[in-house]
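>>> Dropping a prediction and its sequence here:
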Number of protein chains: 2
Amino acid sequence: MATKLGKQTYKPDNPPYIISTGTVAGPFEGQGPVGKYFDHVYTDTLAGERSFENAEKEMMTNACFTCLNKVNITPQEVDFFLAGDLLNQTITSGFSALELAVPYLGIYGACSTSALGLAISTMLVDGDYARLVLAATSSHNSSAERQFRFPTEYGAHRKPTTQWTVTGAGAALVAKEGTGPRITYFTIGKVTDMGIKDANNLGAAMAPAAAATMVQHFADTGNGPEYYDLIVTGDLGKFGHELAIKTCITRGGFDLTKNYSDCGIMIYDLEKQDVHAGASGCASSALVTYGYLYRQMLAGKLKKLLLVATGALHSQCSVQQGSNIPTIAHAVSIEVE
Amino acid sequence: MATKLGKQTYKPDNPPYIISTGTVAGPFEGQGPVGKYFDHVYTDTLAGERSFENAEKEMMTNACFTCLNKVNITPQEVDFFLAGDLLNQTITSGFSALELAVPYLGIYGACSTSALGLAISTMLVDGDYARLVLAATSSHNSSAERQFRFPTEYGAHRKPTTQWTVTGAGAALVAKEGTGPRITYFTIGKVTDMGIKDANNLGAAMAPAAAATMVQHFADTGNGPEYYDLIVTGDLGKFGHELAIKTCITRGGFDLTKNYSDCGIMIYDLEKQDVHAGASGCASSALVTYGYLYRQMLAGKLKKLLLVATGALHSQCSVQQGSNIPTIAHAVSIEVE
């Protein structure tokens, strides 16, 4: 059971534990500033497979088994597998569910999936429908670029606002009992449309959704930004990050300048790695939070984290047909005592 | 709270009510044997829009508002909107969520979405995370055919095993309190792969998943097929329907010959409407169950229904790359007293 705060936020009566995580990344991500915190870094983006799509499946499956193996839990003990990704028909998640053979609930939130999975897992665990839920997501630069934009081989020019899709996968095991950081609140977002049509400027499209969810979260809980040691958005990149700061001030008077960063900025060295505006992709927030920040929490270096994962819900078809890009953001508060 | 029965089935302590449904369909579906039970039948598959994708969005949004209006409930009163569809990045659901402005949980189960939505809604309502959840799904023949197979204008030959994607949308409002049929059990499926690669034979690909979930449901609950007045699968078509009957006998000794049909057979007149093996698409089971069968339950003509919605989780890309078609089925038991 939970207490509903305001219109969109929930406080579980028995906050579930994130008892384990698994993170795997591509070589380029392994070279980034937080690369040493991932469980496995592949030496090749094909990950030993014959297509980038198969490589992504290998990565998600590996992240899941890594997560389970760390705490000696078998797939048979897991009540539900919740997963989503960017590929059409979330095929990575479907194939990974086949490998795991766990009852499967497919979800879709684009790059907000890292938080969406944790939020739904919390409801299932705290609502007494599950003891153990495995939540996963993934993205792959080469499979995503050719699906949403152009095959990499075309050598299409990238704009200054373009972000670099992260290659990797993350999984988190949410449990009724155990040890580890706990999910203390979550805020489910509404879909936002501010008229952006440019799929090369997703940070600008997603920043208003991130700001709306953060302002709602602060208002619903009564905990302002200062409650958290760190607030991270999923993959706004440097322009979206600036825009989110401005929007939180103008819409709610909340000052994010002291303790707010973006996983899309943290995962790469924006000076040395030529990724333009930063990172995007479901794996951006999954790798940074399930990998780097989770370890910081276990080490006691970080106590209160607000993950605000952002998703652009467009398709290649909707962009080609001239539709605006609808976006969403879900927030999850993760705390250690 | 729920009682978990076996490995995959749940019995909610307080079975939620389906207090309303909304169904809208294309003109071809309106001409079918159950067409008169839909709330709205469009005279044109474009539904007044400029693309088939926009038409599908119009249909899902219309189904949702129709569902809410029947019971005088506004979107602001709904805790969560759960939706999924077949289009890439489930764009229909994303755009409908924008129109509704309800906190949105995106789901993906291909044509199993009608049951997946009801099952997750049940967990949120019975787990005390929601009072009202709106679950919706849709498909459109013209948007699906050009995405998964060929644009209709090509006039590509259809195989005897090919199914016809249903044009329409369905929504169901799941509530903690109220009147109407109740969700008394559900069984969450695992992903199945029996080696089928032919996207023109989805009934054969999905039948083993349907059978596996049904056998599991009967075993977990101790209620055999005879417990139900009617058992319907989502969109197996006539060949998949036969295969499901055989598989339930060989795998579990369960006899489905007395009270089992398939929404993909029921929605069209297979003699007069040239749809080859029957219907497919998320709207197949949504229209038949949320429309026709829901009204039969309200009228007291049907007391115990088992909906087993089936999904083929492939993408056009995965088929082109030669991967097998992974499939899933979720079962939901709906009963009136």
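Okay, I see it.

>>> Need the nearest residue in space to residue A:265, chain neighbours excluded.
Across the structure, with Cβ to Cβ, 6 or more residues apart in numbering or on different chains as the measure, the residue nearest residue A:265 apart from its sequence neighbours is residue A:278 (5.0 Å). No exception for glycine: its C-beta is placed from N, CA and C like everyone else's.

>>> right, and the one you found touches residue A:261 too?
No - the pair residue A:278 and residue A:261 fails to qualify as a contact (Cβ atoms under 8 Å) at a distance of 10.7 Å.

>>> Residue of chain A nearest chain B, please.
Residue nearest to chain B within chain A (Cβ to the nearest Cβ): residue A:127, separated by 2.0 Å.

>>> what pLDDT does that residue get?
Per-residue confidence for residue A:127 comes out at a pLDDT of 97.

>>> now do the one 3 residues further on
Per-residue confidence at residue A:130 stands at 98 (pLDDT).

>>> Equivalent analysis for residue A:267, please.
We note a pLDDT of 98 for residue A:267 in this prediction.

>>> That one: what's it in contact with?
Applying Cβ atoms under 8 Å, 6 or more residues apart in numbering or on different chains, one finds that residue A:267 lies in contact with A:29, A:32-34, A:166, A:278-279, A:284, A:287-288.

>>> how about a cut-off of 10 Å?
Under the criterion of Cβ atoms under 10 Å, 6 or more residues apart in numbering or on different chains, the contact partners of residue A:267 comprise A:25, A:28-29, A:32-35, A:164, A:166, A:168, A:235, A:273, A:275, A:278-279, A:281, A:283-285, A:287-288, A:291-292.

>>> Now list the buried members of the residues you listed.
Of the members of these, the ones counted as buried by neighbours, 16 or more other Cβ atoms under 10 Å in any protein chain shown, are A:25, A:28-29, A:32, A:34-35, A:164, A:166, A:168, A:235, A:273, A:275, A:278-279, A:281, A:283-285, A:287-288, A:291-292.

>>> can you give me the strands in the stretch 51-200 of chain A?
For the stretch 51-200 of chain A, strands defined by DSSP state E, counting those that start in this stretch occupy the ranges A:80-85, A:104-106, A:132-139, A:164-165, A:168-175, A:182-187.

>>> same question for the second one, mean pLDDT?
Which is strand A:104-106. Computed over strand A:104-106, the average pLDDT equals 98.

>>> re earlier: which one of the strands of the stretch 51-200 of chain A lies closest to residue B:317?
Nearest to residue B:317 among the strands of the stretch 51-200 of chain A is strand A:80-85; the distance by Cβ to Cβ comes to 12.6 Å.

>>> wait, does the closest one contact chain B?
Yes - on the criterion Cβ under 10 Å from any Cβ of the partner chain, strand A:80-85 is in touch with chain B at A:80-85.

>>> Pull out the buried residues from these.
Burial by neighbour count, judged by 16+ other Cβ under 10 Å, picks out A:80-85 from those.

>>> List the contacts of the closest residue to residue A:285 other than its chain neighbours.
Sequence neighbours aside, residue A:234 is the residue nearest to residue A:285 in space, at 3.6 Å (criterion: Cβ to Cβ, 6+ apart). If a contact means Cβ under 10 Å, 6+ apart, then residue A:234 has A:109-115, A:206, A:210, A:240, A:262-264, A:279-282, A:284-286, A:288-289, A:307-311, A:329-330 as its contacts.

>>> hmm, which of those residues are the buried ones?
Among those, those that count as buried by neighbour count (16+ other Cβ under 10 Å) are A:109-115, A:206, A:210, A:240, A:262-264, A:279-282, A:284-286, A:288-289, A:307-311, A:329-330.

>>> So which of those residues sit within strands?
Secondary structure from DSSP state E places A:262, A:279-280, A:307-311, A:329-330 of the buried ones among the contacts of residue A:234 in strands.

>>> Adding distance to residue A:319 and pLDDT, write those residues out as JSON lines.
JSON lines is the format used below for those (distance: Cβ to Cβ, whole Å; pLDDT from 0 to 100):
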{"residue": "A:262", "distance to residue A:319": "23", "pLDDT": "98"}
{"residue": "A:279", "distance to residue A:319": "20", "pLDDT": "95"}
{"residue": "A:280", "distance to residue A:319": "15", "pLDDT": "95"}
{"residue": "A:307", "distance to residue A:319": "27", "pLDDT": "98"}
{"residue": "A:308", "distance to residue A:319": "24", "pLDDT": "98"}
{"residue": "A:309", "distance to residue A:319": "21", "pLDDT": "98"}
{"residue": "A:310", "distance to residue A:319": "17", "pLDDT": "97"}
{"residue": "A:311", "distance to residue A:319": "15", "pLDDT": "97"}
{"residue": "A:329", "distance to residue A:319": "20", "pLDDT": "98"}
{"residue": "A:330", "distance to residue A:319": "23", "pLDDT": "98"}
